[in-house]
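Novice: predicted model follows, preceded by the sequence.
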Number of protein chains: 2
Amino acid sequence: MDEPIETAGALRDLVEVDRLLHEPARLVIAAILYAVESADFLYLLRETGLTKGNLSSHLSKLEGAGYVEVEKTYQGKKPRTICRMTGQGRTAFAAYRDRLRSAADCLPD
Amino acid sequence: MDEPIETAGALRDLVEVDRLLHEPARLVIAAILYAVESADFLYLLRETGLTKGNLSSHLSKLEGAGYVEVEKTYQGKKPRTICRMTGQGRTAFAAYRDRLRSAADCLPD
DNA sequence: ATATATGGTTTGTATTTCAAACTAGTTTGT
DNA sequence: ACAAACTAGTTTGAAATACAAACCATATAT
């Protein structure tokens, strides 16, 4: 025996929160993409304050989960990476946001 | 060159959130201990729904950070582990809670 | 030609998280 | 009295993460 014991409580729901979005760096990326329809790599780089390496790997993770689509284009001779949140990503983000808000509400004062 | 670029935005503050408390399992433990003055291992086990192994190691981590004090006593012949949040832990929890709330508020709808 | 900048990706290390396995002692059953 | 099972935890080992440094391809400036 070593399984969790059954109990009630809204706080406990936090434990099952979406870990992909719970990571602060990814939450910031996701919040931006949720709001803007599309954004390119350099815009996200400026807005999030992440390093290029981190932005790249977090984006890949969001892409791998189907939350974000990444399109590689060229702007003249320069590469331009455009990111969009998918429907799946929007649904997941909204759910995470709502969970987070109700969790924040039930934390003790 | 590969440092973060300077930019404004309240969302970005999330990235510097207290990782110790941002972990959902630990946040649940911390929220309980913040509210109750003291709680024993078995109470926390029931309330959090964590496994014993996880509860034990998360408590150790909170203890290592100085957020929680752990006192081992006996209740008759049975071991009883009593946990209390320290002043430092209370301060950190309140700060995390406030940051989380303002982050939750500025997420897009 | 060589150096430097742009727009990213890959790699390596250190840390985390989790549950399974373990420990130490106690109670129950026969 | 002896073994089996239970209680109250801790330790361990494997898998996943998170981060920045190092790298790559192409373009531009000297």
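Specialist: On my side now, so go ahead. Source: prediction; values computed, not measured.
Novice: ok and the longest helix belonging to chain A relative to helix B:87-106, angle-wise?
Specialist: Assignment by DSSP state H gives helix A:87-106 as the longest helix of chain A. Between helix A:87-106 and helix B:87-106, the angle comes out at 130 degrees (axes from the mean of the first three to the mean of the last three CA atoms, to 10 degrees).
Novice: could you check whether helix A:87-106 is close to chain B?
Specialist: Yes. Helix A:87-106 reaches chain B (CB under 8 Å from any CB of the partner chain) through A:Arg97, A:Leu100, A:Arg101, A:Ala103, A:Ala104. For every residue, glycine as well, the C-beta is placed using N, CA and C.
Novice: show me which residues of chain A are close to chain B?
Specialist: A:2-7, A:9, A:11-12, A:14-17, A:22, A:24-25, A:27-28, A:31-32, A:34-35, A:45-53, A:97, A:100-101, A:103-104, A:107-109.
Novice: let's see which of these end up in helices.
Specialist: A:22, A:24-25, A:27-28, A:31-32, A:34-35, A:45-48, A:52-53, A:97, A:100-101, A:103-104.
Novice: run through the residues you listed and flag the ones next to DNA strand D.
Specialist: The residues of these that also fall near DNA strand D, by CB under 7 Å from any atom of the strand, are A:Pro24, A:Ala25, A:Lys52, A:Gly53.
Novice: restricted to buried residues, select these in PyMOL.
Specialist: Entered in PyMOL, the line below selects the buried ones among these, by 16 or more other CB atoms under 10 Å in any protein chain shown:
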select buried, chain A and resi 24+25
